[in-house]
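Visitor: kindly return the folded structure for what I paste below:
(one chain, ligands or ions: 1)
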Amino acid sequence: MRIVTGTFSHETNTFSNIPTTMEEFAKQGIAHSDEIPRRFRGTNTIEAAFMDAAEEHGFELIWTVFGSAIPGGPVSREAFDYFSGHLLEGVQAAGKIDGVLLHLHGAMVTDDLDDGEGHVLEAIRRLVGPDIPIVTTLDLHANMTPRIIRNCNRHYRR
Ligand SMILES: [Zn+2]
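Guide: Numbering: from 1, shown residues only. Reported below is the predicted structural model:
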């Protein structure tokens, strides 16, 4: 079983006047493809938990991109395009897959979107079609928007 995975995580505070640019993501370390499991193996992180589950349940993880920034103002259009673009390219490059497993936060606002995760999930759903399960982790206080719910999970309806 082949599962594409990636991280695009931000908790946005729209009252903050510090924009969350590529530089803010770079401070937490941006990583691509196999750099990601090398960096996170054995750590107390969502990425390591994905690896543990893959080993336990015997599925292969195809890593795309890791991007996470500390809470701050809206995510820049450049950063949103960069990380969502790498997620989408990774899904596309993976070829035939059985699912998508994401680490998102659930509170991302960008320069022009009030539901960053919903738009990422919608774009991935459009790419993989209705039958591939899309699963994401979200923070406990995530904003569960209809767009997130509609595009996530195996009970997606056309
Ligand atoms: Zn949070």
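
Visitor: closest point of this protein to the ion, which residue?
Guide: When scored by CB to the ion, the chain has D139 as its residue closest to the ion, at 3.7 Å. Glycine gets a C-beta too; all of them are placed from N, C-alpha and C.

Visitor: checking my notes, T5 in a strand, right?
Guide: Yes. Assessed with DSSP: H, G, I helix; E, B strand; the rest coil, T5 lies in a strand.

Visitor: mind checking how far it is from F15?
Guide: 32 Å (CB to CB, to the nearest Å).

Visitor: which one's more surrounded, these two?
Guide: T5 (27 against 6; other CB atoms under 10 Å).

Visitor: who does that one bridge with?
Guide: In this entry, T5 is beta-bridged to W63, L101, by DSSP bridges.

Visitor: which residues does it contact?
Guide: 47, 50, 61-64, 100-103 (CB atoms under 8 Å, 6 or more residues apart in numbering).

Visitor: I'd like those residues as TSV, with pLDDT appended.
Guide: Conversion of these to TSV gives the following (pLDDT from 0 to 100):
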residue	pLDDT
E47	98
F50	98
L61	98
I62	98
W63	98
T64	98
V100	97
L101	97
L102	98
H103	98
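
Visitor: in PyMOL, how would I select the buried members of those?
Guide: To isolate in PyMOL the members of the contacts of T5 that are buried, counting by 16 or more other CB atoms under 10 Å, one can use:
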select buried, resi 47+50+61+62+63+64+100+101+102+103
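
Visitor: contacts for the longest helix seen in the chain, please.
Guide: Of all segments of type helix in the chain, defined using DSSP state H, the longest is helix 77-93. Outside helix 77-93, the residues within contact range by CB under 8 Å, 6+ apart are 4, 6, 8, 20-22, 24-25, 32-33, 62-65, 67, 69, 97, 100, 102, 110-113, 116, 119-120, 123-124, 127-128.

Visitor: the ion next: which of the residues you listed are close?
Guide: Filtering these for proximity to the ion by CB under 5 Å from the ion leaves nothing.

Visitor: those residues in helices, which ones?
Guide: 22, 24-25, 116, 119-120, 123-124, 127-128.

Visitor: tell me the buried residues within these.
Guide: Taking 16+ other CB under 10 Å as the criterion, what is buried in these is 22, 24-25, 116, 119-120, 123-124, 128.

Visitor: no further queries at this time; thank you.
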